Structures are given as C-alpha cells and as structure tokens.
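[1] What follows is a predicted protein model with its sequence.
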Amino acid sequence: MRIARSLALAASILMALNISSPALAQTELSEKASIRSILTAVVDHDSLVDTDFVGDAANVETDVDAVNAIEARVNGTDVVIPSSIVAPISVGDRDQILTIGRPELTAVETVELAPGAIAHTSNEGVTTISAVNSDGSVQIGTIIDNSSAPSRFDFELGLPHGGSIYELNGQIFVLDAAGELVGGFAPAWAKDANGLDVPTQYEVSGSTLTQFVDHDRPGVVYPVVADPAYARGMISQVKWERWRNGGWEVRLTVTALARWTQPINPGFVYSAGLADLREHHPSSMQYKTMAQQWDCHVAGLPGTINIDLESYRRSWDNWRAGIIPAILQGNPAKACNW
C-alpha cells in the first residue's frame, strides 16, 4: 500500500510539473518501481518546464526519517530543512540567520524527491516542496491541485536580531539591524498546467510574508504551481583578489538574488553589491573605477557569469558610451573592462 501511495504521489507531482518524456512514458509503474527512481526522473527532465523545483537541488544528504531532513552548508550558506512541515527552515550564516515557516497544512506524507529536495502532501489539495539549490538558495514550491485548495499561503519569517523587511517594487528583501542586505525573495510567480501565468502577489504584515494565488478563476487549468525562493546577499563568491599589472584584480560571481533582482531593481543590486564588496574587500574596492565597472556589469548581468574588476583601468563616468562600440566590435566584454 505504501508503494502504491508513493506511486500516486509521484504521478501527481509529475503531472503538476507538466513533464512529457518518452523515458517516463516507457517506465513500468510496477510495485518494484521505487518512488526515488520515479522522482529522479522529475529532476532529469525538469529543464523542460519553468517550474524548477529540484532540477538544481544540491547533492546533499537527505533523510526524511530524521528530525532534519537536510542539514548542510551549501555555497557558504547554512541550510536546515526539518522533516516536519510545522518546523521552520533555517537559512543563513552566523548572526544573519533567517527562519522561514512553511504554510500551515496537515501533512499526510513526507517524501524525498532527490538529494536536497523533499515534498509534503496534505489533505487540503496542496503539495509543498522544500529544496536547497547548489547555489545556496532555498525554494518552497507549492502545487495547487484544484479550485477548492487555499489561495493564501503564509510564510512566517524569523528575522535576524534587529532585522526588518524591506519591499521595493513588489520584491521582498530582509535587512539586518544596520540596514544592510541579508537576503531576499524572488518576485512572486504562479503558473497553471498550460504554463500560463496565474495572478499572484506578495503582501507583508509584521513578520509574515503572504503569497496570494488567484487560481479559482475561469481558464485556469490545474494543477497550479507557485514558488517562493530565497537567497542571501548579492555576491556569491570572490574567486580572487590579487595585485597584478600595477593594480588590483578582482573576479567574482553573483547570487541568484542578484539575477532575480536585476530586471526589476538594478540600482539595488548595484548599491547592495557594492556595499558588500567594499566591506569585505576595502583595499581593492576603494577605487572609483571599480564601482563604475561593477555598475556596468550589473547592467549586463543576464549575460555574465564571471565578473572581472581591475583597479588599473581609468575612471570613466561616461562608461555607458562604450557599450555599443564594444558590441559592434564583437568584444562585448570590453564594454565593462575598458
């Protein structure tokens, strides 16, 4: 019976993710098939859809029979995901820890989807997926099965000491006692089974973040998927800071939060990222040209992986004038490293 229930759960999640794969179609759903192998197929084919719950899940030890299903340090971030849905997720480092309570639902079964990802089913027509990604970000996916399911999902936030919630253009950020960025949430989104957008929005009341999903409306095809995601800071990693060619060279990568935020609030990515860099790398980041190069790279963030800043390059207030010529010359990297 447990295997049968597990297979049914697997099938419902596969349908919710709207995955079509010949490999899955040929899978024999017998009692010998394990839920682990079926849900691994969700990971393997998740790139076919926009709802990326477990496709980038971190390869960390996961045990739903333990008190904490996941307890790991991923890309410099400590993440704890309890097996019980009533216990909050913990994300952070040292004194900058945020806890995120999951929506209060009556969990029926807890299942490991893949290393780094678990799911809770409920009697309310909602499945909750909790996952830590390889970049240290955390996703809390919500699969809504039918029109009778809730449309309001509350996430109680346990802020760092003295911290606060800051809203900017519909995006939610967490600040510490000094007003510096701790982390933030991806913009609210929801899609139905046809991949069409379903109206959704965040609201904040005190320390509670609520996502409203207006799914009970004509034309919506179930299941509906929503996915609050949280990541820390703007700077993921400084790969090197070195003195070379008579100046400083800094190579860095940015977080998922920076990429989520850039299309909506690029100025916030610039200011928060620069503050972080200047705090942790004051010697190299004191130069005006470093801030200008960072500003330029923020503008071109969607096409950037590694970001290089060099203090020996001249200060250039009118750096935007160099973007088009660099592109026309077939050397877009030169636009920000003039």
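    Received, thanks.
[2] tell me which element W248 is part of?
    strand 247-254 (DSSP states H and E).
[3] Let me see the contact set for the nearest residue to W243 once chain neighbours are set aside.
    Setting aside the residues directly before and after it, W243 is nearest to E249 in space (Cβ to Cβ, 6 or more residues apart in numbering), at 7.7 Å. For glycine as for every other residue, the C-beta is placed from the backbone atoms N, C-alpha and C. Listed by Cβ atoms under 8 Å, 6 or more residues apart in numbering, the contact set of E249 reads W240, E241, R242, W243, D308, L309, E310, S311.
[4] Now D308: which helix or strand?
    strand 307-310.
[5] From the rest of the structure, what touches that strand?
    By Cβ under 8 Å, 6+ apart, strand 307-310 touches 245, 247-254, 284-285, 289-290, 293-294, 297, 337.
[6] Paired strands for that strand, with orientation please.
    Here strand 307-310 is paired, per DSSP bridges, with strand 247-254 (antiparallel).
[7] for the strand it pairs with, which positions count as buried?
    Neighbour-count burial for strand 247-254, counted by 16 or more other Cβ atoms under 10 Å, picks out W248, E249, V250, L252, T253, V254.
[8] Mind putting these into TSV with distance to E124 and pLDDT?
    Shown next, in TSV, are those (distance: Cβ to Cβ, whole Å; pLDDT from 0 to 100):
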residue	distance to E124	pLDDT
W248	55	98
E249	54	98
V250	49	98
L252	43	96
T253	40	95
V254	37	94
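[9] right, and out of the residues you listed, which lies closest to I144?
    I144 lies nearest to V254 out of the buried residues of strand 247-254, by Cβ to Cβ, at 31.7 Å.
[10] So that closest one sits against M234, correct?
    Yes - with contact defined as Cβ atoms under 8 Å, V254 and M234 form a contacting pair (6.0 Å).
[11] between those two, what contacts are shared?
    V269, G273.
[12] any idea how far S284 lies from V220?
    Remark: distance between S284 and V220 (Cβ to Cβ, to the nearest Å) = 51 Å.
[13] meant to ask about D63
    Distance of D63 to V220, given as Cβ to Cβ: 36 Å.
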